[in-house]
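K.L.:
Starting from these lines, generate the structure:
(2 chains)
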Amino acid sequence: MKGFVLSFRSEFYKSRKTMGFWGAILLPLLISLLAFAIFFTKSEKFTAMQPMGLWVQFSMIGLGMMGTLLLPMYTIFIAYSVNNVEHKADTWKTIFSLPISRWSVYGAKFVYAVFLVFLCLALFALFTIGFGNLLSTLKPELKFNEYHMEVQLMQIYFKLFLSSLGILSIQFLLSLLWADFLKPMGLGFVATIVGVTAASKNWEYSYLFPYAHPMVAITTMIKQGDKARGPVRELQIDMFTKDVYVSLAIAVVVFIAGYFIVRKKSVK
Amino acid sequence: MVIQTQGLSFSFGNQQVVKSLSLQVPAGSIYGFLGPNGAGKTTTIKMLLNLLQTGEGSIHIFGQELQTNRISILSQIGSLIEQPAIYHHLTGKENLMNRALLLQVGEKRVDEMLNLVQLTGAANKKAGQYSLGMKQRLGIALALLNDPKLLILDEPTNGLDPNGIIEIRELLMKLVGTGKTVFISSHLLAEIEKMATHVGIINNGELMFQGTIHDLQNISQPLINIETDNTVDAANLLKRHNFTVTDINNDHLYVPFTSKQQVGEINTLLVQNNVTVYSISKQHKDLEKLFLDITKSN
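P.N.:
As a prediction, the model looks like this:
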């Protein structure tokens, strides 16, 4: 366990000056700023909206982008980035000859990649809530203060996080095995396009394909209530849909299989 | 013995790159592990560090079996394999601090190492901007960080200028003085012979020679070095009289030395046949030549 903590801290130390780490902070910041700028400059367009609709509209800028292409691409990039640090510096041989178990080295790296995705999505939730509240102060005519969806936002982003773990585990392994940029990125990109297409066409088996999960997660996030009761007054998030379970299962299986593949593979 | 291997073998697919290697590295030695490029040196070193799973045979380091005592053994080893593994986006000091974090070593030790390899002045410069020599020195500082009992260095002087080579040699000799064992690989004997106490020569995955540097010198057969006005005629003359001529060039020819008597006979023979002899002397074959002979004989 000590080896794991040391390795994890070292991952942070190594990456703290790289785009891989800063991307996790800048991406949510920039997109939330963009949403903020739209609502701030064009506030007159939104004054007539109901508070709930307003929040949904506001948060869908980030959610929509992340739920389609951005989250899979970002996940692919993170998986590449944490492994590329070692490929570029030719340091696999050094980290695997440290007096630390291989499980700890491999596990810490994977968990660090998971942490970066989590950080990014947590900041998305945080910035959305923060900028929404800032808007309600700066533009009182927008009725941001009359509705609250902090919990739901956190749930949705947590669901997105869970739905990205399948992709992350696959891309992590690909990036670990292949030193170059094009192979894991190219494969990941093609798979993402396929996934997004499958999910947007509502293909019934898209929940089985990890690259479709973020988009499936967004489309299945609203709990289907009793429609006879009229318009929705309260958003209820359906967190554990079957696509999320598939994503988690893939993550666990690929993570464990990855360790044995790495063990077998000679360290260059 | 600090390192002891028995019947160590390794294959990449069908190609066997290390064949039944039995290394014996005594404590406190500088063991020069020599062989031409592609002889299997790096593969052997990677097996010693448990980076490659051994095909057959056993490895004992500090008297312990490697597979089952991996972590305790690795905690006493410092290594530098091929190119130094350095994060270019971090400074020299940050590279050391990162390793110090993993090895739980304090910042004081990091500063000592920077001082030892003379990088204190460049400590806060990005390692990507270091010259090859500086990178190599940083690599050695990284290897020494945990104060290892055994230092395994794979071609540490590769790509260095003569000054850099001398600096590293002096550093290693200083370290052995403090009781460490150094296992150093190279494809150049000349680089090793000035510091090594023991030598292992590997070619095509097989150990061709192992022993002290004196053992190596002793198996070198002495030669008679003859300088004449016409080496070709002299060589032909000697051959007609049943002498073996091992080598010949414009100014010199070489005959295996057997006795002083024989030197006198050769001199008389040449002079009587009107060959002018400028000089005639006994000499040891240099180690470089010996090394080439050993590695070529296979």
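
K.L.:
Poorly predicted segments of the stretch 51-200 of chain A, please.
P.N.:
In the prediction, the stretch 51-200 of chain A carries no residues with pLDDT under 70.

K.L.:
In it, which residue sits closest to chain B?
P.N.:
Using C-beta to the nearest C-beta, A:Pro99 is the residue of the stretch 51-200 of chain A that sits closest to chain B, at 3.5 Å. In this view, the C-beta of every residue, glycine as well, is placed from N, C-alpha and C.

K.L.:
hang on, that residue is in a helix, isn't it?
P.N.:
No: assigned with DSSP: H, G, I helix; E, B strand; the rest coil, A:Pro99 falls outside any helix and is coil.

K.L.:
What's the local residue count around the residue lying closest to it once chain neighbours are set aside?
P.N.:
Sequence neighbours aside, B:Ser75 is the residue nearest to A:Pro99 in space, at 3.5 Å (criterion: C-beta to C-beta, 6 or more residues apart in numbering or on different chains). By the criterion of other C-beta atoms under 10 Å in any protein chain shown, B:Ser75 has 14 neighbours.

K.L.:
cool, A:Ala125 as well?
P.N.:
With other C-beta under 10 Å as criterion, A:Ala125 counts 24.

K.L.:
ok but it is inside a helix, no?
P.N.:
Yes: applying three-state DSSP, one finds A:Ala125 inside a helix.

K.L.:
For it, give me its contacts.
P.N.:
A:Leu153, A:Met154, A:Ile156, A:Tyr157 (C-beta atoms under 8 Å, 6 or more residues apart in numbering or on different chains).

K.L.:
Now, those that are in helices?
P.N.:
Those of these mapping onto helices are A:Leu153, A:Met154, A:Ile156, A:Tyr157, per DSSP state H.

K.L.:
Highest neighbour count among the residues you listed?
P.N.:
Going by other C-beta under 10 Å, A:Ile156 tops these with 27 neighbours.

K.L.:
quick one: contacts for it?
P.N.:
A:Ser59, A:Leu63, A:Ala125, A:Ile218, A:Met221, A:Ile237.

K.L.:
quick check, nearest of those residues to B:Ser185?
P.N.:
Nearest to B:Ser185 among the contacts of A:Ile156, counting by C-beta to C-beta, is A:Ala125 at 53.7 Å.

K.L.:
Any figure for the gap between the spatially closest residue to that closest one that is not a sequence neighbour and A:Met221?
P.N.:
Nearest non-adjacent residue to A:Ala125, counting by C-beta to C-beta, 6+ apart: A:Tyr157, 4.2 Å away. A:Tyr157 is 10 Å from A:Met221, where distance means C-beta to C-beta, to the nearest Å.

K.L.:
cool, A:Phe240 as well?
P.N.:
A:Phe240 sits 11 Å away from A:Met221, going by C-beta to C-beta.

K.L.:
Ok, A:Gly186 next?
P.N.:
For A:Gly186, the distance to A:Met221 - C-beta to C-beta - is 30 Å.

K.L.:
Which one of these two is surrounded by more residues?
P.N.:
A:Met221 (21 against 12).

K.L.:
so what's that one up against?
P.N.:
Applying C-beta under 8 Å, 6+ apart, the residues contacting A:Met221 are A:Ile156, A:Lys159, A:Ile237, A:Asp238.

K.L.:
how about a cut-off of 6 Å?
P.N.:
A:Ile156, A:Ile237 (C-beta atoms under 6 Å, 6 or more residues apart in numbering or on different chains).

K.L.:
Show the model's pLDDT score for it.
P.N.:
With respect to pLDDT, A:Met221 has a value of 75.

K.L.:
What sits closest to A:Gly67 if chain neighbours are left out?
P.N.:
A:Ile218 is the one closest to A:Gly67 (C-beta to C-beta, 6+ apart), at 3.5 Å.

K.L.:
How far does the host helix or strand of that neighbour sit from its chain's centre?
P.N.:
Assigned by DSSP states H and E, A:Ile218 belongs to helix A:213-219. Taking C-alpha atoms, centre = their mean, to the nearest Å, one finds helix A:213-219 lying 11 Å from the centre of the chain it belongs to.

K.L.:
Could you do stretch B:22-31 as well?
P.N.:
12 Å.

K.L.:
So which elements touch the strand or helix carrying A:Ala249?
P.N.:
Using DSSP H and E, the element containing A:Ala249 is helix A:242-264. Judged by 3 or more C-beta pairs under 6 Å, 6 or more residues apart in numbering or on different chains; DSSP states H and E, the packing partners of helix A:242-264 are helix A:102-138, helix A:150-177, helix A:213-219.

K.L.:
What helices and strands are in contact with the last one?
P.N.:
The elements that helix A:213-219 packs onto, with contact taken as 3+ C-beta pairs under 6 Å, 6+ apart, are helix A:150-177, helix A:182-200, helix A:242-264.

K.L.:
buried ones in it?
P.N.:
Using 16 or more other C-beta atoms under 10 Å in any protein chain shown as the test for burial, helix A:213-219 gives A:His213, A:Pro214, A:Met215, A:Val216, A:Ala217, A:Ile218, A:Thr219.

K.L.:
Distance check, the last one against A:Ile31.
P.N.:
Just to be clear, that refers to A:Thr219. 20 Å.

K.L.:
And the fifth one, by the same measure?
P.N.:
As judged by C-beta to C-beta, A:Ala217 and A:Ile31 stand 17 Å apart.

K.L.:
Over to B:Ser20?
P.N.:
Separation of B:Ser20 from A:Ile31 (C-beta to C-beta): 61 Å.

K.L.:
cool, and B:Lys239?
P.N.:
For B:Lys239, the distance to A:Ile31 (C-beta to C-beta) stands at 88 Å.

K.L.:
Give me the local confidence score for residue 242.
P.N.:
Defaulting to chain A. Per-residue pLDDT puts A:Lys242 at 86.

K.L.:
that's the wrong chain, I wanted chain B
P.N.:
Note on B:Asn242: pLDDT of 89.

K.L.:
Can you get me a residue count around it?
P.N.:
That count, for B:Asn242 with other C-beta under 10 Å as the rule, works out to 6.

K.L.:
wait, what's in contact with it?
P.N.:
B:Asn242 neighbours (C-beta under 6 Å, 6+ apart): none.

K.L.:
And the average pLDDT for stretch B:66-75 is what?
P.N.:
Per-residue pLDDT over stretch B:66-75 has a mean of 93.

K.L.:
after the helix ranked longest in chain B comes which helix or strand?
P.N.:
Ranked by residue count and defined by DSSP H, the top helix of chain B is helix B:162-177. Scanning forward in sequence from helix B:162-177 by DSSP H and E, the next helix or strand is strand B:181-186.
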